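In: Just the structure for this:
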Amino acid sequence: MDVAFQLATDSSDAQIHKELDLNPNHIESQIRELCGLFVFVNDNRIYLIHQTAKEFLVSKDIPASSADSCWKHSLFIPDSDTIMTQICVQYLSFEDIEEGGFGVNRWKPDTDTPRSPFLEYSAIYWPSHSRDANRPTEEGLQKQILRLYDMQNQRFETWVSIFWQTNCQYRARDGLNSVHLAALNGHDEVLSRLLASDNAGLNSRDNNGHTPLIWGSLEGRQNSIQTLLDKGADVNAQGGEYGNALQAASSSGHDNIVQMLLNKGADVNAQGGKYGNALYAASSEGHDNIIKILLDKGADVNAQGGYYGNALYAASSSGHENIVQMLLDKGADVNAQGGEYGNALYTASSEGHDNIVKILLDKGADVNAQSGYYGNALYAASFRGHDNIVQMLLDKGTDVNAQGGWYGNALYAALSRGYKNIVQMLLDKGADVNAQGGDYRNALYAASFRGHDNIVQMLLDKGADVNAEGGKYGNALQAASSEGHNNIVKILLDKGADVNAQGGKYGNALYTASSEGHDSIVKMLLDKGVDVNAQGGEYGNALYAASFRGHDNIVKMLLDKGADVNAQGGKYGNALYAASS
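Out: Okay, the predicted model is just below:
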């Protein structure tokens, strides 16, 4: 703060840091003397006392002198930007900066090494102050700014490293030159002078393929774009993350620049970049006006490309209803394939965009189209818990038993996540309660394993086979016994589950419950007449498993029910040896 104050108020031409007349002990009182009660100082930073102070001081228009008050509306932001530009640029022009003085060389990007606070502020904010200043830059200051853009100078790397880490940290900087940077920052005067001295930079590319026109388009620097176009920049140059300038401007929502590029002959259907084309980019990001501009210029509404495959898919996935409608009105293929989920209906169903699903269905979207990770729209909506969309799809006649996805079908997907309402909808529409498929093999097994009591009851009421085989544990009873779901075990037993059914990893339900230490379930199984000496599993029988795992209560229950203490089997041969181990 003291540095900025001295640069703003000292009439001397300080060239190095130590020439500033810094007095940290008196700076606060000096500022309070000048600004009165409008500000307070805390931790070497100046703050307005209240939001109303800002409203009183700042003018929205060029301030006029007034006899009534020397404070009211005395500040005009562009004027302030002009002053801050002068301060920041003068500071960055200090010889100390170039020579690595007062901590400059000690700081490196991507480290936590401290750096001068005002160095950081100047490097980060001088470009925006300069861009927003309200009057032409005087020649002396302009020369200083040009020196900041001199890549041969140490201060270039110093300020750009700090600036980039804060403002562009997720973008690659490799191969960036002064012309790229001037276009990105919207420094039109600098850009013109750089191009006047070396026009070769006009269409130069950084290491990622971005040209100055692409950088300027991405950041919305309208005046810089005009300068570049007037100088003959290649409007269709391909390269970089966004493929071309039109796609960069379209993705960022810069309507005026899109229009400027098109007026200069930009190819509205040019392919390339992360989005594939400009229409796709604007559709994905929700820029309605740009969509209209591109469509009016003949953009191919069904062009394929990019991660999502096409513009309709992109808009549907992102939830942009107006754009979906615009694209369909322009003839977008409602069933076009592409993207992770395969088609627009599928992705809208997965993301829960009810209105878009309705729009697509009304336009004839194939409700049973198969593709993508989840297989079909019904599965996607069921898995993600979107009740309204499931109902819409069912009302349109979707195949309630269509196969696909990790869980095999929509019913299986919904119950695995515990979506009771969706399970009921699917069952009411005739979902096959005994359909086989997916990792758990059947719906009852999945619900039993996941602990969804109500859904287990619903499935059984709809005729689910209580002894259906499948899955890691062999059947629903063994799955519920393994996970300790007492209520489900009781429901299954009451529905006639075979207490001695063999199968799966552990062989039978008693072994499973004994091994996992679920006393209550062991008791229920014993009360239902389970074979206490049934063979199966790694340890051979339930007594052996409980003994090895140290479940004393279960060992006692099994012995009380006549478990054979000398039964042979498993790795250790018998229960006594297992307990001793």
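
In: Pull the number of nearby residues for the residue lying closest to residue 386 once chain neighbours are set aside.
Out: Nearest residue to residue 386, sequence neighbours excluded (C-beta to C-beta, 6 or more residues apart in numbering): residue 352, at 4.5 Å. To be clear about C-beta, it is placed using only N, CA and C from the backbone, and glycine gets the same treatment. The local packing count at residue 352 equals 17, with neighbours defined by other C-beta atoms under 10 Å.

In: now residue 166
Out: Counted with other C-beta under 10 Å, residues neighbouring residue 166 total 12.

In: same deal with residue 214?
Out: Burial measure for residue 214: 31 neighbouring residues, criterion other C-beta under 10 Å.

In: Likewise for the one 10 residues further on?
Out: Residues lying near residue 224 (other C-beta under 10 Å) number 27.

In: Identify the residues contacting it.
Out: When contacts are counted by C-beta atoms under 8 Å, 6 or more residues apart in numbering, residue 224 is found next to 182-183, 186-188, 191, 212, 216.

In: and residue 147, what pLDDT?
Out: Taken from the predicted model, the pLDDT recorded for residue 147 is 93.

In: right, and it touches residue 153 too?
Out: Yes. Using C-beta atoms under 8 Å as the test, residue 147 is close enough to residue 153 to be in contact (6.4 Å).

In: Please name the nearest non-neighbouring residue to residue 317.
Out: Leaving out its chain neighbours, the residue that sits closest to residue 317 by C-beta to C-beta, 6+ apart is residue 347, at 4.2 Å.

In: which secondary structure element contains the one you found?
Out: When elements are assigned from DSSP states H and E, residue 347 belongs to helix 344-351.

In: Residue 385 reaches residue 419, doesn't it?
Out: Yes. The pair formed by residue 385 and residue 419 meets the contact definition of C-beta under 8 Å, at 4.8 Å.

In: And the two? Which one has more around it.
Out: Neighbours per residue (other C-beta under 10 Å) separate residue 385 from residue 419, with residue 419 holding more: 22 against 16.

In: Need phi/psi at the more buried one.
Out: phi -90, psi 90 (degrees, to the nearest 10).

In: May I have the residues that are in contact with it?
Out: For residue 419, the contacting residues are 382, 385, 387, taking C-beta under 8 Å, 6+ apart as the criterion.

In: Include distance to residue 513, pLDDT and secondary structure when you put those into JSON lines, please.
Out: As requested, the contacts of residue 419 are exported to JSON lines (distance: C-beta to C-beta, whole Å; pLDDT from 0 to 100; DSSP: H, G, I helix; E, B strand; the rest coil):
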{"residue": "382", "distance to residue 513": "31", "pLDDT": "96", "secondary structure": "helix"}
{"residue": "385", "distance to residue 513": "31", "pLDDT": "96", "secondary structure": "coil"}
{"residue": "387", "distance to residue 513": "35", "pLDDT": "97", "secondary structure": "helix"}
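
In: Identify the residue nearest residue 432 in space, chain neighbours excluded?
Out: In space, residue 432 comes closest to residue 401 once its chain neighbours are excluded; the distance is 5.0 Å by C-beta to C-beta, 6+ apart.

In: part of a strand, is that neighbour?
Out: No. Checked against DSSP: H, G, I helix; E, B strand; the rest coil, residue 401 lies outside a strand; its state is coil.

In: wait, isn't it in contact with residue 431?
Out: Yes. Here residue 401 lies in contact with residue 431, judged by C-beta under 8 Å, at a distance of 6.1 Å.

In: Which one's more surrounded, these two?
Out: Looking at residue 401 and residue 431 with other C-beta under 10 Å, you find the greater number of neighbours at residue 431, namely 25 against 17.

In: hang on, that one in a strand?
Out: No. Going by three-state DSSP, the assignment for residue 431 is coil, not a strand.

In: Could you tell me which residues within stretch 221-238 count as buried?
Out: Counting neighbours by 16 or more other C-beta atoms under 10 Å, one finds that the buried residues in stretch 221-238 are 221-222, 224-229, 231, 233, 235, 237-238.

In: Take the residues you listed and write them to a markdown table, including pLDDT.
Out: Shown next, in a markdown table, are the buried residues of stretch 221-238 (pLDDT from 0 to 100):
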| residue | pLDDT |
| --- | --- |
| 221 | 96 |
| 222 | 96 |
| 224 | 96 |
| 225 | 97 |
| 226 | 97 |
| 227 | 96 |
| 228 | 97 |
| 229 | 97 |
| 231 | 95 |
| 233 | 96 |
| 235 | 98 |
| 237 | 96 |
| 238 | 95 |
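
In: Low-confidence regions, the stretch 451-581 of the chain specifically.
Out: For the stretch 451-581 of the chain, residues meeting the criterion pLDDT under 70 lie at 539, 567-581.

In: show me where the stretch 151-300 of the chain has helices.
Out: Ranges of helices in the stretch 151-300 of the chain, per DSSP state H, counting those that start in this stretch, are 154-167, 178-185, 188-197, 212-219, 222-230, 245-252, 255-263, 278-285, 288-296.

In: what's around the spatially closest residue to residue 184 that is not a sequence neighbour, how many residues?
Out: In space, and not counting its chain neighbours, residue 184 is closest to residue 215: 4.3 Å by C-beta to C-beta, 6+ apart. Taking other C-beta under 10 Å as the criterion, the count of residues near residue 215 is 27.

In: what do you get for residue 559?
Out: Under the neighbour criterion other C-beta under 10 Å, residue 559 is assigned a count of 16.

In: in what helix or strand does it lie?
Out: Counting by DSSP H and E, residue 559 is part of helix 552-560.

In: Quick check: which helices or strands does that helix pack against?
Out: For helix 552-560, the contact count by 3 or more C-beta pairs under 8 Å, 6 or more residues apart in numbering; DSSP states H and E identifies helix 509-516, helix 519-527, helix 542-549 as packing neighbours.

In: Spatially, which residue comes closest to residue 224, not counting chain neighbours?
Out: Nearest to residue 224 is residue 216, by C-beta to C-beta, 6+ apart, at 4.4 Å.

In: what's the answer for residue 482, then?
Out: Taking C-beta to C-beta, 6+ apart, and ignoring the residues beside it in sequence, residue 482 has residue 512 as its nearest neighbour in space, at 4.6 Å.

In: now swap in residue 365 and tell me
Out: Take residue 365 and drop its neighbours on the chain: the residue closest to it by C-beta to C-beta, 6+ apart is residue 345, 4.1 Å away.

In: Quick check: pLDDT value at that neighbour.
Out: The predicted local confidence for residue 345 is 96.

In: List the residues that contact it.
Out: Contact partners of residue 345, counting by C-beta under 8 Å, 6+ apart, are 316, 334-335, 357, 360-361, 365-367, 369, 377.

In: Nearest to residue 464, out of those residues: which one, please.
Out: Among these, residue 377 lies closest to residue 464 (C-beta to C-beta), at 25.1 Å.

In: Counting neighbours, what do you get for that closest one?
Out: Here the number of neighbours of residue 377 (other C-beta under 10 Å) works out to 37.

In: same thing with residue 389?
Out: Look at residue 389: counted by other C-beta under 10 Å, it has 28 neighbours.

In: tell me what whichever strand or helix holds it is packed against?
Out: For residue 389, the enclosing helix or strand under DSSP H and E is helix 387-395. For helix 387-395, the contact count by 3+ C-beta pairs under 8 Å, 6+ apart identifies helix 344-351, helix 354-362, helix 377-384, helix 420-428 as packing neighbours.

In: Adding distance to residue 505, write these out as TSV.
Out: Converted to TSV, the helices and strands packed on helix 387-395 look like this (distance: least, C-beta to C-beta, whole Å):
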stretch	distance to residue 505
helix 344-351	33
helix 354-362	41
helix 377-384	26
helix 420-428	27
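
In: Out of those helices, which is closest to residue 413?
Out: Each of those was checked against residue 413 via C-beta to C-beta, and the shortest separation belongs to helix 377-384, namely 4.0 Å.

In: hang on, isn't residue 309 packed against residue 332?
Out: No. Taking C-beta under 8 Å as the contact criterion, residue 309 and residue 332 are not neighbours in contact, 11.9 Å apart.
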